[in-house]
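Sharing a model that was predicted from the sequence below.
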Amino acid sequence: MVRINVACWCCSILVVVLCVSDPPEIIDHPTGGDVPIGRSITLMCRASGLGTLVYSWERRSGRRWTTVSNDNTTSYTTDTTLTIGEYMYRCNVSNEAGPVVSNSTTVNVYGPPTITTHPTSQLTTISMRVTLNCEGTGRGSITYQWQARNINGGQWSVISNSNNRRLSNNSRRLVVRNLQESQQYRCVVFNEAGGTRSYVATVTVLKITTHPQDRLVPVYSSVSLTCTSSVSSNVTFSWTSDSRDVTGQSTSTGDTSILAITKIGRKRNSTNYVCTVRCGSLSVMSNTATLTVYGPPAITGHPTGGDVPMGRSITLMCRASSLGTLAYFWERRSGRRRWTTVSNDNTTSYTTDTTLTIGEYMYRCNVSNEVGSVVSNSATVNVYGE
């Protein structure tokens, strides 16, 4: 400060001139930080000093510093269009005595997380438990979201806590139990910059999709049993008959195995068959298919004749048993004549004709199924006059 005395005839004047001899001093240096891509951060700088303070902000990308703001403000808000990377900022404060530069600070613009551990595809059975893992790394607050969809594609749906008790809002691990159908899973790892999707993991359920069925077959015939798996590659099939291995009778292609049984004898009335499907270390068994073998019918109730007045009728009955489909037809013989068919109605009863003349008539029932036929005992009907 300079004091100047000026004298004149009427008064004396004191003139004070302020001389700025020192540049400003930085009190608070700007502090950077991490910011998600597409967002901004505000940097602050405070300085003290005499005279008029002027602020400008600079950014360095590479080796050069370039001015990003001449708005003469103590704060600067970074650009939201910055790409992922590190950026250095500083504030230049000046007065009449000269400039001073703040410490530089780093702003790290970061993107979505990077997944370091992806969930992997697995093979399971309905009764097994499957655990899927996903691990992400990155800046900011990382959270995890699991999603699932049908194996054939479609929309992804978020797996909520109510659907999986072992799943928290921020879980790296997904535990799946009692999965009935094959599913696809993925994990989306989020931070403030966005989300990153993991690889898709397919959980394939090994199960029997077509079980061999119970069969009713006539003796000496042939039949085939079919077993189909939900998995078509790297699978093997094996068959057992009443717990004994069956070899050389089955053909397998992809997800299907067919067991051919030929010339079925009557050593046993029924036989139980089971198909086992194996893939890797896992195996599943089909339902038991029972093969029941039957022969020709057996007459359990023969027809009984009787006396009937001329012009009247009598009803004859025949009962037979068989596991196949029974067919009935009735025959009649008069004297030494041949047996002739009198009914093809496929009924267990036959009512004689009221037009029969006086005499004796013999009747019998022929019962057949897919295997063969059997004839009942003959029954005599005597038509007499009044």
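All right, it came through fine.

Can you give me the distance of Tyr55 to Asn92?
From Tyr55 across to Asn92, the span is 7 Å (CB to CB, to the nearest Å). Bear in mind the C-beta positions are built from the backbone N, C-alpha and C, glycine included.

next one: Ser127
For Ser127, the distance to Asn92 - CB to CB - is 71 Å.

And for Leu282?
Applying CB to CB, the value for Leu282 to Asn92 is 70 Å.

And these two? Which one has more around it.
The residue with more neighbours, out of Leu282 and Asn92, is Asn92; 18 against 15, by other CB atoms under 10 Å.

wait, isn't that one in contact with Pro99?
Yes. Between Asn92 and Pro99 there is a contact at 5.5 Å, judged by CB atoms under 8 Å.

got the residue ranges for the helices in the chain?
Here the chain has no helices by DSSP state H.

Domains in it, by residue range?
Following the assignment in automatic domain parsing, the chain carries domains at 25-110, 117-205, 208-294, 298-384.

Can you convert those domains into a markdown table and add a column each for mean pLDDT?
Listed next are the domains of the chain as a markdown table, based on pLDDT from 0 to 100:
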| stretch | mean pLDDT |
| --- | --- |
| domain 25-110 | 94 |
| domain 117-205 | 88 |
| domain 208-294 | 91 |
| domain 298-384 | 93 |
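
residues in contact with Thr74?
By CB atoms under 8 Å, 6 or more residues apart in numbering, Thr74 lies in contact with Met44, Cys45, Arg46, Tyr55.

That one and Glu96: what is the separation?
On the measure of CB to CB, Thr74 and Glu96 end up 19 Å apart.

what do you get for Ser286?
Applying CB to CB to Ser286 and Glu96 gives a distance of 96 Å.

Quick check on these two: which one has the bigger neighbour count.
Between Ser286 and Glu96, counting by other CB under 10 Å, Ser286 is the more crowded of the two (23 against 15).

Report how many residues lie close to the closest residue to that one other than its chain neighbours.
Using CB to CB, 6 or more residues apart in numbering and skipping the chain neighbours, the partner closest in space to Ser286 is Cys275 (4.2 Å). The number of residues packed near Cys275 is 28, by other CB under 10 Å.

next one: Ser238
By other CB under 10 Å, the residues close to Ser238 number 18.

how near is it to Thr292?
Ser238 is 23 Å from Thr292, by CB to CB.

I'm done for today, thanks for sticking with me.
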